[in-house]
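*Asks:* I'd like to go over a predicted model; first the sequence, then the structure.
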Amino acid sequence: MAGLEDLYREIILDHYRSPRNRGELPSPPAYRVEGFNPLCGDEIVVTLDVEDGVLADIKIAGSGCSISQSSASLMSAAVKGKPVAEVRDLIRTFKGMMSIHEASLPHDGHDRADGAASGPVEIVSGEPEPVDVEALGELAALQGVVKFPVRIKCATLSWNTLAQGLDEVGTAS
Amino acid sequence: MSTPAGTHEGTARGTARGTVAPAGSAPSRELDVCALRADFPLLGRTEQGRRLTYLDSAASSQRPRQVLDAMRAYEETSYANVHRGVYALAEEATRRFEAARDNVGRFIGAPEPGREVVFTKNATEAINLVAHTWGRANLRAGDTVLLTEMEHHANIVPWQMLAAERDVTIRWVPIDDDGLLVLDDLDRLLEGVKLLGVTCASNVLGTINPVAELAQAAHRVGAVVVADGAQSVPHLPTDVSSLGCDFLAFSAHKMLGPTGIGVLWGRAELLEALPPFLGGGEMILDVSKDGFTPNEVPWRFEAGTPPITEAIGLGAAVDYLRAVGMDAVRRHEVALTAYALDTLQSRFGDAIRIFGPLDATRRGGVVSFVLGDVHPHDISQVLDQYGVCVRAGHHCAKPLMRRLGVTATARASFGLYNDLADVDALADALGEARAFFA
């Protein structure tokens, strides 16, 4: 069974204790979108500022567990200032990492402590696209979440909310 | 061992091993939890090399061997569809199914068990049944439904659905900071109210509500009272006559029985006046191309093949609880809850916020809390590493969560099979969780 250290990596705890880009941008002009995890009652508010195809600024508010909060913080740091197209790619890659089936993961957690995938990682049907975990940088710290299936929704809450926000900004403009 | 056949009264007396203290001392008998735990196969499971600490009985209880055996024996010897066949096996199956209904009715003091106990899927469906039948027949635009701030979504959303459809207003009985209903303005709150929905015991706060008093006041203004017994029937002696409500909903799986079956108890004269719920087989007396004639109660509300084996399981669960004694169950759970409240407060002081009344006699065996700024989801995750199962989340009571000013709580809830060691395991694991996130 996976241990706590697989889930609560140091980077995650750091972002949980000191969340980056915390707060709300004034909206308007920023776009405001809310996300809910009906399972645990977590709520997240993402305010984003898209200018000329670039996610110029982003802030995160709301409350939730260490996984949802750290994931949101890590996300904000990773996407801020990036072109929207790149952000969408990152969302896809991150969600790909989160959709890895637990059965395909190594059974003991010790061989992946450095955050890099050890050995071949299979993806569940439907998404044959290999996940480039290296490209995720610090976000790779969240891959241990996959071993705790109930927590996957915590990790993806902010990402789904951001994706929704980008979609809505796209149609609004 | 596993046969509930024959008398239903106390068949588990001999089988709930060691649960009954010296003969002839019924009023003072206490639980022998150690012996009783042996009846629950799942509690023998180890988690992380430790004894499993199951503290989520408010979500679903574990089942004793007697219930599992009864269901298996029924399937192996007496199973057929009910109310249809004229062959001996079908008659036996039907007789035992109806005997289970009767047994459940007697367990809650129903004056007419055979007419008043409707089998549903669960407590949620039972309340929805009232909303669909009584609600649609009686609620008009401008009418008011009174609920309490501590209701489970199951006793909120069916009324909201109806309110949206019928332009009915929903009013709320507030709670105070101790998690008790504020009843000072009850008469004003009840003005124009057609239906009162109230939980007998909160699944978050543990609070046991004065349903009898509320029902009396509601009846004075002609309102009907729907009581949610999901958290009370499994843990408190229940007598519908003294409770005073008109409908009582509860689920088998929270009271040592199987999933897939719940109960709506309703006053016979009220049920008689209700239109059917779902349409189909079983709920009719006659069908022609021009229409149908609904069946008698309670079958009028039981369209299609019911959960037959589950009814047998519920009957066996009731036998088990009766043999143990609901007074003994209650005393045991009060003692456990008092110990838990005491242990958690002395161990964590101001760092722990416990919701609901701090007097164990005013609450059920449900202890919701937040610990420091550690999110309940994280608490629950760390506790799992120590084999301690608690629930984290909003517990299907989001209006209450908002009133409490939290998005989630952790919740430990007790069953008759929990003991002081379970509370100690909880406190120890909470200490670890706190240290981990410090």
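*Replies:* Alright, I've got the coordinates. Numbering: from 1, shown residues only, chains lettered A, B, ... in the order given.

*Asks:* quick one: residues in contact with the longest helix seen in chain B.
*Replies:* What stands out as the longest helix in chain B, according to DSSP state H, is helix B:326-348. Residues outside helix B:326-348 that contact it (C-beta atoms under 8 Å, 6 or more residues apart in numbering or on different chains) are B:27, B:29-31, B:33, B:206, B:235-238, B:321, B:352, B:354, B:358, B:360-361, B:363-365, B:367, B:369, B:371, B:412, B:414-416, B:418-420, B:422-424, B:426-427, B:430-431, B:434. No exception for glycine: its C-beta is placed from N, CA and C like everyone else's.

*Asks:* buried ones only from those, please, as a PyMOL command.
*Replies:* What follows is the PyMOL syntax selecting those of those that are buried according to 16 or more other C-beta atoms under 10 Å in any protein chain shown:
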select buried, chain B and resi 29+31+33+206+235+236+237+238+321+352+354+360+363+364+365+367+369+371+412+414+415+416+418+419+422+423+426+427+430+434
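
*Asks:* and the helices in the stretch 101-250 of chain B?
*Replies:* Using DSSP state H, counting those that start in this stretch, the helices of the stretch 101-250 of chain B run over B:113-116, B:123-130, B:136-138, B:157-166, B:186-189, B:211-220, B:240-243.

*Asks:* tabulate those helices (CSV), appending mean neighbour count, distance to chain A and mean pLDDT.
*Replies:* Output for those, formatted as CSV (neighbours: other C-beta atoms under 10 Å in any protein chain shown; distance: least, C-beta to the nearest C-beta, whole Å; pLDDT from 0 to 100):
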stretch, mean neighbour count, distance to chain A, mean pLDDT
helix B:113-116, 20, 35, 96
helix B:123-130, 25, 16, 98
helix B:136-138, 12, 28, 96
helix B:157-166, 17, 13, 96
helix B:186-189, 14, 27, 97
helix B:211-220, 18, 27, 98
helix B:240-243, 17, 31, 97
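
*Asks:* from chain A, how far off is residue B:31?
*Replies:* 33 Å (C-beta to the nearest C-beta, to the nearest Å).

*Asks:* quick check: phi and psi at that residue.
*Replies:* phi -80, psi 140 (degrees, to the nearest 10).

*Asks:* pretty sure it sits against residue B:415.
*Replies:* No - with contacts counted by C-beta atoms under 8 Å, residue B:31 stays clear of residue B:415, the gap being 11.0 Å.

*Asks:* how about the residues of chain B that lie near chain A?
*Replies:* Counting by C-beta under 8 Å from any C-beta of the partner chain, the residues of chain B close to chain A are B:48, B:375-378, B:381-382, B:385, B:392-394, B:398, B:401, B:407-408, B:436-437.

*Asks:* among those residues, which ones are in strands?
*Replies:* Secondary structure from DSSP state E places B:392-393 of these in strands.

*Asks:* looking at chain A, which helix or strand is least sure?
*Replies:* When each helix and strand of chain A is scored by mean pLDDT, DSSP states H and E, helix A:4-7 comes last, with a mean of 82.

*Asks:* again with chain B
*Replies:* Lowest by mean pLDDT, DSSP H and E among the helices and strands of chain B is strand B:46-47, with a mean of 90.

*Asks:* re earlier: okay, buried residues for the longest helix of chain B please.
*Replies:* Buried residues in helix B:326-348, defined by neighbour count with 16+ other C-beta under 10 Å: B:326, B:328-330, B:332-337, B:339-341, B:343-344, B:348.

*Asks:* what lines up beside the least confident helix or strand of chain B in the sheet?
*Replies:* strand B:50-51 (antiparallel) (DSSP bridges).

*Asks:* what sits up against the strand it pairs with?
*Replies:* The list of residues contacting strand B:50-51 from outside it, by C-beta under 8 Å, 6+ apart, reads B:386-387, B:421, B:425.

*Asks:* pull the distance from it to the chain's centre.
*Replies:* Here the centre of strand B:50-51 is set off from its chain's centre by 28 Å, with C-alpha atoms, centre = their mean, to the nearest Å.

*Asks:* average pLDDT across stretch A:52-68?
*Replies:* Across stretch A:52-68, the average pLDDT comes to 92.

*Asks:* so is it next to chain B?
*Replies:* Yes - Stretch A:52-68 is in contact with chain B by C-beta under 8 Å from any C-beta, via A:63-67.

*Asks:* that's all I had, so thanks and see you.
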